[in-house]
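Asker: Quick one: sequence plus predicted model below, questions after.
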Protein chains: 2
Amino acid sequence: MKSIKNVSEKNISLTDQVHKELRHSIITGEMPGGTRLVESTLASEMEVSRTPVREALHKLELEGLLYSIPRAGYIVEEMSEHDIRDLFKTRKAVEQIAAKWAVEYITPEELQTLNKNLDMSEEIFRTGQIGKMAEFDTKFHKVIYKAARSKSLYQICKTLGDHTLKYRIALIDLPEMARRTIDDHKRIYQALFEKDSEELDKAVQHHMEQAKVNIIDLMERLRHESFMP
Amino acid sequence: MKSIKNVSEKNISLTDQVHKELRHSIITGEMPGGTRLVESTLASEMEVSRTPVREALHKLELEGLLYSIPRAGYIVEEMSEHDIRDLFKTRKAVEQIAAKWAVEYITPEELQTLNKNLDMSEEIFRTGQIGKMAEFDTKFHKVIYKAARSKSLYQICKTLGDHTLKYRIALIDLPEMARRTIDDHKRIYQALFEKDSEELDKAVQHHMEQAKVNIIDLMERLRHESFMP
DNA sequence: TATTTCAATAATGTATGCAATTATACGCTG
DNA sequence: CAGCGTATAATTGCATACATTATTGAAATA
């Protein structure tokens, strides 16, 4: 791992930089579940002292991305299929609420932001830069969270979204998944635009349901591949 | 503030002890919104070094109970009426989900736990130990969260519950509030017992609605009192 | 040879010192 | 007298040294 200090953006604390870096590594799957993290090792790799690393690890623990064994170390949280099902069940319920509230408050500007997001997603899909899809996926949903006009719900949605991001990144790289995601988003956008609550609810439900099934499938496939590489 | 070390339970880190202590002070309103917290001051008051205090403050910040001004200090989060309305709106929605799921999974043992909780609440109410009411209120709801059988939803409910606890403590001390809370809980229990989802949804909604209104009223009253003490 | 004990090692928990930055108070100047 | 600038104090950010604990491996003994 390369030093953080060299690429340090000024005015951001080392703790936050380390946190962001580690978070990225976990979410992208660079550090898969079960990976053990050691303060001093990370500190020397990143060329900072243990203090900011330690604080970053604590943050990640509270976010549920790591768990700590009292005087032993930190392990990257590993999700079972059951945990993933649970996560998506909750996410589905919460996103339905967010969408329901968003219908009422969303502005024409926000609708346009969503529309632009769809256009750019299509562009990215056509030009084959699928690596950027996850980012647009996240942004699309965030616009809706914000449109729900609830600070507390926004926080919840963001946390749940983060927890699924790891899997979404792995999945959305597959062209057919990217295609379906864009189509789902278009349907959600259309329902929001027409303020059709009933259709919106169904669209969100379908989107989440599909995401869940795809991830479970992916895990299944990976499990088989690991037996016969 | 008294030293922590003297009452230290073994095997729990100082950081966690400090965290718990400060958390309690904030949630009970002993440190009201706007209070400024300083690492070194707290450290000497509690007779520990700055490190565990610092880490505890960071935790509280992530939990949303404090916010920090970069190199200036920590301030106890102050909730506006708008924030409280928002919090309860979200809490209502989420607790409705929890209740809906709980109907399906709750066991006879858990129902009995709820029933016992009601009995003890009545006992406490009769004997006038109203100070203990908030604790039983929290426990009652936690049983339902758990019965929903969702790790992620449980986490969300607990966090939201914590954020409202400060106000619940102030309120539930009033006998008429305690009375209403117990009656609401009885209604919720009854609906769970009979697995009547529709009635349960209404009961939870009513309970949350009432809690919200009461807190807004309380804040209004306190605001007037502060003008003419 | 197997088991137990003890020491070395490695990790986090805690304390403390220094650096960097911001707020504040005081004095100076117009 | 007011406003601005500078110096100083206050406070967190970061680094590091020390304490405590858990694990591992080796050696000694049965």
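Answerer: Thanks, I have the structure now. Numbering: from 1, shown residues only, chains lettered A, B, ... in the order given.
Asker: residues touching A:Ile215, list them.
Answerer: Residues near A:Ile215 by Cβ atoms under 8 Å, 6 or more residues apart in numbering or on different chains: A:84, A:88, A:164, A:167-168, A:171. (Each C-beta comes from the backbone N, C-alpha and C, glycine too.)
Asker: just A:His163 next, same as before
Answerer: Counting by Cβ under 8 Å, 6+ apart, A:His163 has contacts A:64-65, A:87, B:152.
Asker: and the gap between it and A:Val94?
Answerer: For A:His163, the distance to A:Val94 equals 12 Å [Cβ to Cβ, to the nearest Å].
Asker: Any regions of chain A where pLDDT drops low?
Answerer: Across chain A, the ranges flagged by pLDDT under 70 are A:1-11, A:71, A:225-229.
Asker: Strands of that one, start to end?
Answerer: Taking DSSP state E as the test, the strands found in chain A are A:36-37, A:66-69, A:73-76.
Asker: Output the ones you listed as JSON lines; include the columns mean neighbour count.
Answerer: Converted to JSON lines, the strands of chain A look like this (neighbours: other Cβ atoms under 10 Å in any protein chain shown):
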{"stretch": "strand A:36-37", "mean neighbour count": "16"}
{"stretch": "strand A:66-69", "mean neighbour count": "14"}
{"stretch": "strand A:73-76", "mean neighbour count": "18"}
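Asker: ok so, going back, okay, the contacts of A:Ile215 in a markdown table with neighbour count and distance to chain B next?
Answerer: Formatted as a markdown table, the contacts of A:Ile215 follow (neighbours: other Cβ atoms under 10 Å in any protein chain shown; distance: Cβ to the nearest Cβ, whole Å):
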| residue | neighbour count | distance to chain B |
| --- | --- | --- |
| A:Ile84 | 17 | 10 |
| A:Phe88 | 23 | 9 |
| A:Thr164 | 21 | 10 |
| A:Tyr167 | 22 | 14 |
| A:Arg168 | 20 | 16 |
| A:Leu171 | 21 | 19 |
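Asker: Now, these that are in helices?
Answerer: Mapping the contacts of A:Ile215 onto helices (DSSP state H) picks out A:84, A:88, A:164, A:167-168, A:171.
Asker: Mind putting the contacts of A:Ile215 into a markdown table with distance to A:Asp119?
Answerer: Output for the contacts of A:Ile215, formatted as a markdown table (distance: Cβ to Cβ, whole Å):
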| residue | distance to A:Asp119 |
| --- | --- |
| A:Ile84 | 31 |
| A:Phe88 | 28 |
| A:Thr164 | 25 |
| A:Tyr167 | 26 |
| A:Arg168 | 21 |
| A:Leu171 | 22 |
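Asker: Now the residue nearest the centre of chain A: closest residue in space that isn't a chain neighbour?
Answerer: Among the residues of chain A, the one closest to the centroid is A:Leu165, at 2.5 Å (Cα atoms, centre = their mean). Sequence neighbours aside, A:Ile27 is the residue nearest to A:Leu165 in space, at 5.0 Å (criterion: Cβ to Cβ, 6 or more residues apart in numbering or on different chains).
Asker: so how many other residues sit close to the nearest residue to A:Ala99 once chain neighbours are set aside?
Answerer: Closest residue to A:Ala99 apart from its sequence neighbours, by Cβ to Cβ, 6+ apart: A:Val204 at 4.8 Å. Around A:Val204 there are 25 other residues, counting by other Cβ atoms under 10 Å in any protein chain shown.
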